[in-house]
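Student: Need coordinates for the following:
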Amino acid sequence: MRFLRSSRPGHQGVAIDVQPRPSGGAIVHVGGELDAEAMPQLRSCLVDLVSQGRTDLVLDLRDVTFCDSSALGVLVGAHQRVCATGGHIELHEPPQALRNLLAVSGLDQVLDIR
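Tutor: From the prediction side, this is the model:
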């Protein structure tokens, strides 16, 4: 997993690891803190994958330790990009705090959560 350290003391940062799939998709393992500081890296990673034609994406979120609302915008943007290409994106094993955030925002009705 490529770990992107934070510049803030006490901030864990975000870890992103992409495993391409033979089918043309990818599994994206995400860990650490999903906040405003981490979102440019995650957004860039997902945009790059879609522009490479990898539009069958699985986001493995089991190692996320913190998530704020800025992550929701990135997830929705990725969902829109992928769906516009006829692809599919799944969120796998988001922690309970993220599940709660998705439910409160109504995004659990829009995004495919496993």
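Student: And the longest helix along the chain, how far out from the chain middle?
Tutor: Counting by DSSP state H, the longest helix found in the chain is helix 69-84. Relative to its parent chain, helix 69-84 has a centroid offset of 8 Å by Cα atoms, centre = their mean, to the nearest Å.
Student: try stretch 91-104
Tutor: With Cα atoms, centre = their mean, you get 12 Å for stretch 91-104.
Student: just stretch 89-101 next, same as before
Tutor: Taking the mean of its C-alpha atoms, stretch 89-101 sits 10 Å from the chain's own mean (Cα atoms, centre = their mean).
Student: which secondary structure elements does the following helix or strand past the longest helix of the chain contact?
Tutor: Downstream of helix 69-84, the next assigned helix or strand under DSSP states H and E is strand 88-92. Other helices and strands packing on strand 88-92, by 3 or more Cβ pairs under 8 Å, 6 or more residues apart in numbering; DSSP states H and E, are strand 56-67, helix 69-84, strand 112-113. Where C-beta positions appear, they are placed from N, C-alpha and C, glycine not excepted.
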